[in-house]
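Quick check, what structure comes out for this input:
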Amino acid sequence: MNDAISKAASLVEALPYIQRFQDKVVVVKVGGSIMDDEQALSNILTDIVFMNYVGMQPVIVHGGGKAINDAMEKAGLQPQWVQGRRYTDERTLAIAEHVLCNQINRFIVNFISAQGCEAMGLHSLSSVVLFAKKAYLAGEGGRRIDLGLVGDIAMVNSRLLHLLVQADSIPVIATIARDDSGGKLNVNADTAAGAVAAAMKAEKLVVVSDTHGIYADMKDPSSRISHLNLPQIESMVQSGQIGAGMLPKVEACITALKGGVNKAHIIDGRIPHSLMLEVYTEAGIGTEIVL
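Now for the predicted structure:
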């Protein structure tokens, strides 16, 4: 009986959030080690299906986890890194495209469809919504460092995305973009998610990661900060308090907020149903960032 009462109380707590987010767009970025844990990924996708059923309009942007590295290793290719970013040549891009589009994207779309929701895979092998320009890193003396076939988002087809969510379909975006000449560029999934959220003027961006959020002391998990505003997070970036692994996620949140998104969240996808706990409860479990 107590367990049933507790479940009922949880549903009642969720009600005002369900009402508040009716017909609101929420962009969910899924990546990192979550992609390598089928149970954790299934839990996140189940949360997204729930969100769709109660009237929210979720959009998924996903990365590749270790699957791309594993596929490269099987092909006899060694990943090359430049200042922490993957150098992408033609063979690497072909492998990344196959893994992201034919394997991971298809799994997500099929999982959602099996739960009775409509989903549409959007990527370089189907309908494209991400358009990019070639990316370079800044080197010493103002020189540009070439990353190969890597891109920065130049434009998002938000019109198509809005049409899909209004038709009660969940867009599932793999981050292989097109450039002006019709070529393909690999785009960081965090970066793409921030751009998608900004382009759609989403209610929320939720970055599902393998950390509980942002820590005051990166070596102390108990120092999680539950709420930050934009000036605070920018100060932490400038001071170096935010480490390299967290930086792309934080920059995606900054892009989203500056683009008109109301809130950004960084949560731990290894916690069962962390997405629902962050969106539908007062306490939340990750770090939320606001203007």
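
looking at this, Lys29 is in a helix?
No - assigned with DSSP: H, G, I helix; E, B strand; the rest coil, Lys29 falls outside any helix and is strand.

list the contacts for the nearest residue to it once chain neighbours are set aside?
Excluding its sequence neighbours, the residue lying closest to Lys29 (C-beta to C-beta, 6 or more residues apart in numbering) is Ala193, at 3.5 Å. C-beta here means a position set from N, CA and C on the backbone, and glycine is covered the same way. Residues near Ala193 by C-beta atoms under 8 Å, 6 or more residues apart in numbering: 27-29, 61, 205, 207, 252, 256.

any chance of the residues you listed in TSV, plus pLDDT and distance to Gly116?
TSV is the format used below for the contacts of Ala193 (pLDDT from 0 to 100; distance: C-beta to C-beta, whole Å):
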residue	pLDDT	distance to Gly116
Val27	98	22
Val28	98	19
Lys29	97	24
Val61	98	22
Leu205	97	26
Val207	96	27
Ala252	96	30
Ala256	97	29
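
now, among those residues, which is nearest to Gly183?
Checking those against Gly183 by C-beta to C-beta gives Val61 as the nearest, at 20.9 Å.

any idea how far that closest one lies from Gln115?
For Val61, the distance to Gln115 (C-beta to C-beta, to the nearest Å) stands at 19 Å.

Next: Ala8.
23 Å.

so is the residue nearest to Lys29 in a helix, a strand, or just coil?
At Ala193, secondary structure determined by three-state DSSP is helix.

surely Met200 meets Ser158?
Yes - Met200 is within contact range of Ser158, at 5.0 Å (criterion: C-beta atoms under 8 Å).

Name the residue in those two with the higher neighbour count.
Of the pair Met200 and Ser158, Met200 is the one with more neighbours under other C-beta atoms under 10 Å, namely 25 against 18.

Model confidence for the more buried one, exactly?
On the pLDDT scale, Met200 is placed at 98.

For it, which residues are in contact?
Neighbour list for Met200: 25, 27, 59, 156, 158, 161-162 [criterion: C-beta under 8 Å, 6+ apart].

cutoff 10 Å now
Contacts for Met200 (C-beta atoms under 10 Å, 6 or more residues apart in numbering) come out as 25-27, 57, 59, 156, 158-159, 161-162, 165, 171, 256, 259-261.

Compare those residues and tell me which is most surrounded.
Ranking the contacts of Met200 using other C-beta under 10 Å puts Val27 first, with 31 neighbours.

Please tell me how far that residue sits from Cys101.
Using C-beta to C-beta, Val27 is found at 19 Å from Cys101.

Val150 too?
For Val150, the distance to Cys101 - C-beta to C-beta - is 17 Å.

neighbour count winner among the two?
Set Val150 next to Cys101 and count neighbours by other C-beta under 10 Å: Val150 wins out with 23 against 19.

That one contacts Ala192, correct?
No - with contacts counted by C-beta atoms under 10 Å, Val150 stays clear of Ala192, the gap being 12.0 Å.

overlap in contacts of these two?
Shared contacts of Val150 and Ala192, defined by C-beta under 10 Å, 6+ apart, are found at 132, 177.

Is Gly151 bridged to anything, and to what?
Beta-bridge pairing for Gly151 (DSSP bridges): Lys134.

Just the buried positions in the helix or strand where Leu93 lies, please.
Following DSSP states H and E, one finds Leu93 within helix 90-97. Neighbour counts over helix 90-97 (16 or more other C-beta atoms under 10 Å) mark 92-93, 95-97 as buried.

and if you look at stretch 234-249?
236, 242, 246, 248-249.

what separates Tyr280 from Asp152, distance-wise?
34 Å.

Same drill for those two, tell me which one is more crowded.
Taking neighbours as other C-beta under 10 Å, Tyr280 and Asp152 compare with Tyr280 leading, 22 against 17.

Having no further points to raise, I will conclude here.
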